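Student: Please find the sequence and the predicted model below.
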Amino acid sequence: MEKWSKATEKLTREQAYPGAMMKSFDGKYGMMSARSESGITIVGVKIEKYMPVPTDEVVAKFSSIDEMIQAGWAID
């Protein structure tokens, strides 16, 4: 499996927050909608008036930031 650069992993750990755009190695994009002790949720996005807007579709859920990065997701 591919890995993100150390710099991208560090940036993701430090700056991924609810509302941040995320990307995965398999070409998916999403927006982080939650990051708390109970886990991380990434939802789908749609484009409205040239801006990404979150949808209600959950595209990924993780128990930790490390699990999310290991699964191929990082801040965009």
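Tutor: The structure has been received and is ready for your questions.

Student: List of residues touching the lengthiest helix in the chain?
Tutor: Ranked by residue count under DSSP state H, the longest helix found in the chain is helix 6-15. Helix 6-15 is contacted from outside by 4, 65, 68, 69, 73, 74, 75, using C-beta atoms under 8 Å, 6 or more residues apart in numbering. Yep, even glycine has a C-beta here, placed from its N, CA and C like the rest.

Student: List phi and psi for the second one.
Tutor: What it means is residue 65. With angles defined as degrees, to the nearest 10, residue 65 sits at phi -70, psi -40.

Student: same deal with the fourth one?
Tutor: The phi and psi values for residue 69, taken as degrees, to the nearest 10, are phi -60, psi -40.

Student: Go through the longest strand seen in the chain and flag the buried ones.
Tutor: In the chain, assigned by DSSP state E, the strand with the most residues is strand 51-62. Buried residues in strand 51-62, counted by 16 or more other C-beta atoms under 10 Å: 54, 59, 60, 62.

Student: Same question for stretch 26-34.
Tutor: For stretch 26-34, a neighbour-count test (16+ other C-beta under 10 Å) marks 30, 31, 32, 33 as buried.
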